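Student: Sequence plus predicted model, see below.
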Amino acid sequence: MPIKIPDNLPASGILEEEFVFVMHEGRAYQQDIRPLRILILNLMPNKITTETQLLRLLSNSPLQVEVDLIYTATYNPRNTSQDHLVKFYETFDDVAGRRYDGMIITGAPVEHMPFEEVAYWDELCRIMEWSKGHVYSTLHICWGAQAGLYYHYNIPKYSLPRKMFGVFPHSMSYTRPVKLFRGLDDVFNVPHSRHTEIRRADILNVPGLRLLSESPLSGVYAASDMTGRQIFLTGHSEYDPNTLKEEYERDLARGFDIDIPYNYFPGDETNCSPQVTWRSSASLIFSNWLNYYVYQMTPFNLDNLAGVDAAESGESAE
């Protein structure tokens, strides 16, 4: 089934070329279906690239998905045109009166800064607090995961001596299987690109959190609350095949001391095309989130969302 996006969104043409079923607004209004309503808070500099990556994964759903895009009003993005923002984005104030089945909070290139010094931190805190009563399940990615763990559970981030950069093998850590990883192999790959980390001991010390997946090389990948209404992924499963390559070449051009991305170029030959070894796991993780944590659990009438008891989600029974 299709993903519903605004007419003329740049991602539309790319996804249609990949045979992704994209439904534009006019056609979607003719269907008598209550779509899943997903809000994306896009904090990445190149918003069009991130939109395309996330929409590609959200399209792998049996139901119609309706997406709203927002950016922070307290920080003016420099790498996305104002025309694009005006056409396709709203601010938090525009959507604060709505309710959503799910929300995604992306990463952001602000890892070196303390959370409180980020220009839009106060606004992000307002959004994360608002999400408790207006969003059923929130998926936090990379720095967004670190920010969410810090805001909701006071878990700090720690600087790394070298950038965690490459494609790393992961396995499940929780004592019982969880729906987020249903269908995944025992070991699966995830790209990481970050200068900071979350430590497993901090997660295990919080009674309301569970560690879901980690890597012996890159550390914590996934954690969640006990119901799946707050999910935190420290990696970038959504990355395109060439994203790490472009980051590597960018950092080299800037004169940074950057390692070759781990387990990415065949034989570490940087003139070779990267091997994509994370596409299937990314597709499953996002489709599992939409199916098990959003579609199957959200009330049909989103006006009833604030009254939903988290214990009713059934996730803790797995």
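Tutor: Received, thanks.
Student: Next, the contact list for the residue nearest the centre of the chain, please.
Tutor: The residue lying closest to the centre of the chain (Cα atoms, centre = their mean) is residue 141, at 3.8 Å. Residues counted as contacts of residue 141 (Cβ atoms under 8 Å, 6 or more residues apart in numbering) are 104-107, 233, 236, 238. The way it works is simple: take the backbone N, C-alpha and C, and place the C-beta from them, glycine included.
Student: try 7 Å
Tutor: 104-107, 233, 236 (Cβ atoms under 7 Å, 6 or more residues apart in numbering).
Student: From residue 205, how far out is it?
Tutor: Per Cβ to Cβ, to the nearest Å, residue 141 is found 23 Å from residue 205.
Student: What of residue 270?
Tutor: Applying Cβ to Cβ to residue 270 and residue 205 gives a distance of 40 Å.
Student: now do residue 89
Tutor: Counting by Cβ to Cβ - residue 89 and residue 205 are separated by 38 Å.
Student: what do you get for residue 71?
Tutor: For residue 71 relative to residue 205 (Cβ to Cβ), the value is 34 Å.
Student: Now do the SS call for residue 260.
Tutor: For residue 260, the assignment made with DSSP: H, G, I helix; E, B strand; the rest coil gives coil.
Student: thinking again about what came up before, which one of residue 89 and residue 205 is surrounded by more residues?
Tutor: The neighbour comparison of residue 89 against residue 205 (other Cβ atoms under 10 Å) goes to residue 89, with 19 against 11.
Student: dump the residue contacts of the more buried one.
Tutor: 69-71.
Student: Now those residues in JSON lines, please, with extra columns for pLDDT and secondary structure.
Tutor: Below are the contacts of residue 89 laid out as JSON lines (pLDDT from 0 to 100; DSSP: H, G, I helix; E, B strand; the rest coil):
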{"residue": "69", "pLDDT": "96", "secondary structure": "strand"}
{"residue": "70", "pLDDT": "96", "secondary structure": "strand"}
{"residue": "71", "pLDDT": "94", "secondary structure": "coil"}
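Student: Any of the residues you listed buried? List them.
Tutor: With neighbours counted by 16 or more other Cβ atoms under 10 Å, the contacts of residue 89 contain buried members at 69-71.
Student: For residue 85, state which of the residues you listed is nearest.
Tutor: residue 71 (6.3 Å; Cβ to Cβ).
Student: give me every residue that touches that closest one.
Tutor: Residue 71 neighbours (Cβ under 7 Å, 6+ apart): 42, 77, 85, 89, 91.
Student: Am I right that residue 34 is in a strand?
Tutor: No. In this structure, residue 34 is coil, not part of a strand, as judged by three-state DSSP.
Student: What distance do you get for it to residue 136?
Tutor: Distance from residue 34 to residue 136, by Cβ to Cβ: 14 Å.
Student: between the two, which one's more packed in?
Tutor: Set residue 34 next to residue 136 and count neighbours by other Cβ under 10 Å: residue 136 wins out with 26 against 13.
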